[in-house]
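In: Build me a structure from this.
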Amino acid sequence: MQNRYRLFRRAEDVYYWHDSETGKQGSLKTKIKREAALLLTAKNESKRVSVINLAVGRAYLSAHDSKMTTRTWSDVMAEFGSHGLPTTQERCRRAFKSPVFDLLRTKALVETTAEDFLLIWYLSLGRCLRRVHVCYTGEPRNAVPCLARLRDGISPAEFLKTGASSSGRNHMV
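Out: Numbering: from 1, shown residues only. Coordinates of the predicted model:
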C-alpha cells in the first residue's frame with residue numbers, strides 16, 4: 001500500500017506534508033527531519049488503520065450475517081414498508097418513492113455516513129418548508145431568502161458548505 005502523505009522541505013527549512021490524493025499541503029511545523037518523519041508516519045498510519053478497521057468490521061458483520069455487507073437501503077425501505085396496517089404500509093411506500101431517498105436507495109448500509117442522512121434531511125426539510133411557505137403566503141415567488149435559495153436549485157453540498165442563507169443568518173418561516 002502506497003503512503004498517502006509525502007514529506008518535503010521548503011527553502012526556509014521547515015518540513016511539510018503533501019496529500020497525494022487531494023494535492024493539499026500543510027506544515028509539520030518542525031525543522032528537524034526525524035520529528036517530521038515521525039509526524040508523517042503518524043498521519044499515514046491513521047489513514048491506513050482506518051481502512052484496516054473498516055475491513056475488519058466488514059469481516060465481523062459478514063460472519064454474523066452474510067448479506068449484511070451487501071444489503072442496501074432499498075432492502076430496508078421495502079421491509080419497513082411491509083409492516084403495520086395497510087394504510088401505513090401504503091403511506092411508507094409512497095414516502096420512500098420520493099426522489100429525496102434516491103441518494104440512499106442503492107447505497108449499502110455499511111457505507112452510509114452521517115452526511116448522507118444530513119443531505120436527505122436538508123432535501124426533505126426544504127420541500128416541507130417550501131410547501132408551508134406557499135400555504136402561508138399563497139405565493140411561491142415571495143419566498144424567504146433561505147427558501148429562495150432552496151427553490152433556485154442550490155445543491156445540497158453547496159448549501160451545507162455555505163450555510164442556510166446568503167446573508168449568513170438563518171431566516172425561518
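In: If you rank every helix and strand of this protein by mean pLDDT, what lands last?
Out: helix 145-151 (a mean of 50; mean pLDDT, DSSP states H and E).
In: How is this protein partitioned into domains?
Out: Residue ranges for the domains of the chain, per automatic domain parsing: 5-64, 73-162.
In: For the residue nearest in space to the middle of the chain, what are phi and psi?
Out: Against the mean C-alpha coordinate of the chain, by C-alpha atoms, centre = their mean, the closest residue is residue 115 at 2.5 Å. Dihedral angles of residue 115 (phi, psi; degrees, to the nearest 10) stand at phi -60, psi -30.
In: Please tell me how far it sits from residue 94.
Out: 26 Å (C-beta to C-beta, to the nearest Å). The way it works is simple: take the backbone N, C-alpha and C, and place the C-beta from them, glycine included.
In: Could you find the closest non-adjacent residue to residue 3?
Out: In space, and not counting its chain neighbours, residue 3 is closest to residue 44: 4.6 Å by C-beta to C-beta, 6 or more residues apart in numbering.
In: unless I'm mixing things up, the one you found is touching residue 4, no?
Out: Yes - between residue 44 and residue 4 there is a contact under C-beta atoms under 8 Å: 6.1 Å.
In: Looking at the chain, which helix is longest?
Out: helix 33-64 (DSSP state H).
In: So what's the residue count around residue 22?
Out: 8 (other C-beta atoms under 10 Å).
In: where's it relative to residue 116, distance?
Out: On the measure of C-beta to C-beta, residue 22 and residue 116 end up 21 Å apart.
In: Also residue 27?
Out: Relative to residue 116, and taking C-beta to C-beta, residue 27 is found at 33 Å.
In: wait, what's in contact with the closest residue to residue 57 other than its chain neighbours?
Out: Distance criterion C-beta to C-beta, 6+ apart; nearest residue to residue 57, sequence neighbours excluded, is residue 110 at 7.6 Å. With contacts defined as C-beta atoms under 8 Å, 6 or more residues apart in numbering, residue 110 is in contact with 57, 58, 61, 68, 69.
In: quick one: the helices in the protein?
Out: Going by DSSP H, the chain shows helices at 33-64, 73-80, 86-96, 102-105, 114-137, 145-151, 156-162.
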